[in-house]
Structures are given as structure tokens and as C-alpha cells.
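A.B. asks: Quick one: sequence and predicted model below, then my questions.
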Amino acid sequence: MSIPQSGGGPIEHHGQLAEYLEAGCKPREDWRIGTEHEKFGYLKDTLEPLPYEGRQSVRAVLEGLRDRHGWAPIEESGHLIGLEKDGANVSLEPGGQLELSGAPLETIHQTCDEVNLHLAQVRDVADELDVGFIGLGAAPHWRHEDMPMMPKGRYRLMTRYMDEVGTMGKSMMYRTCTVQVNLDFASEHDMVQKLRVALALQPVATALFGNSPFFEGGLNGHKSWRSRIWRDLDADRTGMLPFVFDEGFGFESWVDYALDVPMYFVYRDGRYVDALGQSFRDFLKGELPALPGEKPMLSDWADHLTTIFPEARIKKFIEMRGADGGPWRRLCALPAFWVGLTYDQGALDAAWDIAKDWDAETREAWRVAAATDGLAAEVGGRHMRELAAEVLDLARGGLKARARPGAGGLLPDETHFLNALQDSIESGEAPADELIRRFHADWDGDVRPVFAEYSY
């Protein structure tokens, strides 16, 4: 999850809210790729989650990255809670999941190099501590009471609120991991087309990257339990957002939506002020109960936008949020998939042609079916595997059209990063299907071998 935002000055008029989003518009030559991925840390001897403190701990991993690999520390109330270096940052999710939020880079080659370097550095530190890290969409056997809480004020507030607004919020916070990519837009029109494609086709990513068939020690009946969890988290801030497909949608429409999402907090003087359930509209009028008489800064608006969790969202860029955390090849495949679909106009137009006639019920049906059945999903007589193959072909074509070479020119483009997804299309197996098969065939109904066989 995000670290506190900064800068921007006071909000003096309503128009600044949409202007903040519009400021993200960039010419095509300045478009970048920001990849984020989360992973679970665990003790190798007991397979328990990493605590925050101690010789074998989340803090020890952060300290190792700081001291051995030159990352600068980020602290909150005296606690080491993150790191930053070269435009990237390492942060902590509520249950100690370690997240790399990558720097904005020009090519998938660069972002994959970044992922490789990060995982190598983490392993260098983790091996010395005898701890491990694994990429899965959901914790395979840990229960909520097993999970530590990281020392971040934001998480304490959110934890208390989650049971008031849904049934699975704490499961999301403490026991799920994702991989996402953040992408740019050129204009309001470009943002609208990209966001519509992102939302409509997010279930395809959920199916291709599904990697959470286990929960609390057994099969959960889903290929992406992480995706299932998001459906019962908080209806005010999650979902497929049908209004995005309405005529006239734009930055101002997103502002209206975001203003109606209840607040979590306001960050002031290094601490999180409890504003749970309060209204940013009241804040704009100086009537926020948490800070009576005070009006927001643009950094408060930026913070509030980070507390909205639909399947795709906009800030000054678009975040693709539908994929489970997973194995190394999938960490590079996710940005390749979405860059191929959205950074080439021909691919983007063709992707929109696939989904433009779907209604809200169809989009939601794909979302539900993708979480449950993955590549075997079917909606309205159409099969996900067939849909995913069509979408993947468009992504490949988009990457070919980009023609961004790598490996000193030996690779003509970025299409090889899609190979893991092509393997899934041909076999019909996403990572979850492989895990389920091995659970039955090799592991005698025990989920714990996944750590030894699928860790980074």
C-alpha cells in the first residue's frame, strides 16, 4: 500500500481535484512503466510468517537491504517501515508482505532487470537470516491470528474499520499479495479508453495470473481466492465501476466518485489522524470532524485516492489491479500484457472492440467466473481460454509495434515476456491449476510443500 503523499499546497477550489488527475497527462514519448509486486516472507524452519522484530524478521530484511545494498530508510514513529533508491521504494503491507514499487521505466526489459535485481538482493539478505519469500496470491495456511501487524498507523486504522464495512477486509490486508503495473495516459480521452479496457478485461488478467487456490491449509474452490476476497471487502471502494462506461465519463466523474468514498485518515505531522467513515466533501468545507476548521492540502487528496481499491484505478496514472502475486516469470509478464494492450493505439482500439458491447452484468460475470474457474471460466457461451488467447494476441501485436529492443539489440522487442502466458493458453493451466494438480498428485493434500518448491 502507498506511503504518505507530499507537496501540492492547499486546495482552494474544487477544480483542483480534477486538475490533479489531469496533471498526469503525458506525451507518448514520456510514457513509463511502473511495476509493483508483493511477496510473503516466512521462517524456513517453521513456515510461520515473519514477525516485524527480531533476528529473523521483516525489520532485519529491511536493515539488510539498507546496509548491504544502499537503500535509504523510511521511518514512521521511529520504526523502519520502508526503503527508497533510484526512484523505487520497498514498503510493507499490513501482514509484513514485502512490496517493491518500481521506478518509472521505459521498457519491459528495464522493469524485468529491476525485478531480478530486487529479488537477488532480497535473497542475499534472506538466505543469511534463514528466511524465505514466496509469490502467491493468498497465504496458503496461515490464519488471521498468525499474522503480525506492521507498525504503520494507517494499518491500525484500516484494521479496525474493515469489519464494519465487509467480511474479508482483514484477509485482504494481511493474507494476500498482488502484482500490478502503473501506466500513463496522454489525455482525458486516452485515459477513458484505457480505463474502460482495463476494467473490462481485468478478469482476463485474473484468470491468467490466478495463483491462490489455497487458504487456511486447504483448497478454497477458487483459482484466485485473492480476487474473491476483494468482492466482500468494502462496496464503497471496490468493484468494476459501471459509471466509468457511461457517456461523458472523465476526470470530473472520477472526482465525484472519489469524494463519495468514505475517508480512512488524514496524515499530519508524522501521524495518521482517524477520519474513518468521514467525508472528503466535508473536509473541503472545513467541516471534517477529525480536523474541525481545517481544509485539505493536495497531499490529502492524493492520500485519499490511494484508499480507493477498484479493479483498476486512476491517480496521475492508471493502476492495473486484478492479478495475483506469483512466480518470477509472471512478474515480468504482467507489465508486458498491459503495455502491449494499451501503449499501442491499434491494440487498444482492438481490445476495446472486444468489450465495448458488454453490459455491467457481463463484466461482473467475467470477474466472478475468473476468480472461481480461471481459464476454464465461461460467460454467455464464451470461454475464458478463447478470450484470453485473443487478448494475448493483441498484447503481442502491441509489443511488436512498440519494437523496443533489449539485450543489447539481440531481442527485437518485448514479446518474449508473454511466453509464460502463452504457455498457459496452450496448456489451459494458470499457476493455480498447477498448484491444485500438485496438491492432489504430489503433496498428498498438504499445502506446505509449496514453500520449498515455489519460493523465489
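C.D. replies: All right, it came through fine.

A.B. asks: what about Ile354, how many residues close to it?
C.D. replies: 16 (other C-beta atoms under 10 Å). All C-beta spots, glycine's among them, are computed from the backbone N, C-alpha and C.

A.B. asks: what's the answer for Glu128, then?
C.D. replies: Around Glu128 there are 12 residues (other C-beta under 10 Å).

A.B. asks: Which positions within stretch 231-244 qualify as buried?
C.D. replies: For stretch 231-244, the buried set under the neighbour-count rule, 16 or more other C-beta atoms under 10 Å, comprises Arg231, Leu233, Asp234, Arg237, Thr238, Gly239, Met240, Leu241, Val244.

A.B. asks: Let me fix that, I meant to ask about stretch 289-309.
C.D. replies: For stretch 289-309, the buried set under the neighbour-count rule, 16+ other C-beta under 10 Å, comprises 290-291, 294, 296-309.

A.B. asks: related to what we said a few turns ago, return the subset of the buried residues of stretch 231-244 lying in strands.
C.D. replies: Assigned to strands by DSSP state E, none of these qualify.

A.B. asks: Quick check: of the residues you listed, which lies closest to His440?
C.D. replies: Taking C-beta to C-beta as the measure, His440 sits nearest to Arg231 out of the buried residues of stretch 231-244, at 26.6 Å.

A.B. asks: Per-residue pLDDT of the closest one, please?
C.D. replies: On the pLDDT scale, Arg231 is placed at 97.

A.B. asks: got any ranges where the stretch 201-350 of the chain has weak pLDDT?
C.D. replies: Applying pLDDT under 70 to the stretch 201-350 of the chain flags no residue at all.

A.B. asks: can you tell me which of the buried residues of stretch 289-309 are in helices?
C.D. replies: Applying DSSP state H to the buried residues of stretch 289-309, the entries found in helices are Leu298, Ser299, Asp300, Trp301, Ala302, Asp303, His304, Leu305.

A.B. asks: of those residues, closest to Gly218?
C.D. replies: Taking C-beta to C-beta as the measure, Leu305 is the one of these closest to Gly218, at 37.2 Å.

A.B. asks: surely that closest one meets Leu259?
C.D. replies: No - using C-beta atoms under 8 Å, Leu305 makes no contact with Leu259, being 10.6 Å away.

A.B. asks: re earlier: and of the ones in helices among the buried residues of stretch 289-309, the nearest to Tyr42?
C.D. replies: Comparing these against Tyr42 with C-beta to C-beta picks out Asp303 as the nearest, at 30.8 Å.

A.B. asks: Relative to Arg271, how far out is the closest one?
C.D. replies: Distance, Asp303 to Arg271, by C-beta to C-beta, to the nearest Å: 13 Å.

A.B. asks: and if you look at Glu76?
C.D. replies: Glu76 is 9 Å from Arg271, by C-beta to C-beta.

A.B. asks: Compare these two (neighbour count), which wins?
C.D. replies: Shown here are Glu76 and Arg271; by other C-beta under 10 Å, Glu76 has more neighbours (19 against 12).

A.B. asks: and that one, what is it in contact with?
C.D. replies: Pro151, Lys152, Gly153, Gly270 (C-beta atoms under 8 Å, 6 or more residues apart in numbering).

A.B. asks: Which residue comes closest to the third one once chain neighbours are left out?
C.D. replies: Think Gly153. Counting by C-beta to C-beta, 6 or more residues apart in numbering, Gly153 lies nearest to Tyr272, which is 3.5 Å off, once chain neighbours are set aside.

A.B. asks: residues of the helix or strand containing the one you found that come out buried?
C.D. replies: Under the criterion of DSSP states H and E, Tyr272 resides in strand 271-274. By 16+ other C-beta under 10 Å, the buried positions in strand 271-274 come out as Tyr272, Val273, Asp274.

A.B. asks: Could you pull up the residues touching the closest residue to Asn116 other than its chain neighbours?
C.D. replies: Leaving out its chain neighbours, the residue that sits closest to Asn116 by C-beta to C-beta, 6+ apart is Trp328, at 7.9 Å. By C-beta under 8 Å, 6+ apart, the contact set of Trp328 is Val115, Asn116, Leu119, Gly135, Tyr456.

A.B. asks: surely the third one meets Cys332?
C.D. replies: No - contact criterion C-beta under 8 Å: Leu119 and Cys332 do not qualify, at 11.1 Å.

A.B. asks: what about the two, which has more around it?
C.D. replies: Per other C-beta under 10 Å, whichever of Leu119 and Cys332 has more neighbours is Cys332, with 26 against 19.

A.B. asks: which residue lies farthest from the center of this protein?
C.D. replies: Within the chain, Gly293 marks the point farthest from the mean C-alpha position, 35.2 Å out by C-alpha atoms, centre = their mean.
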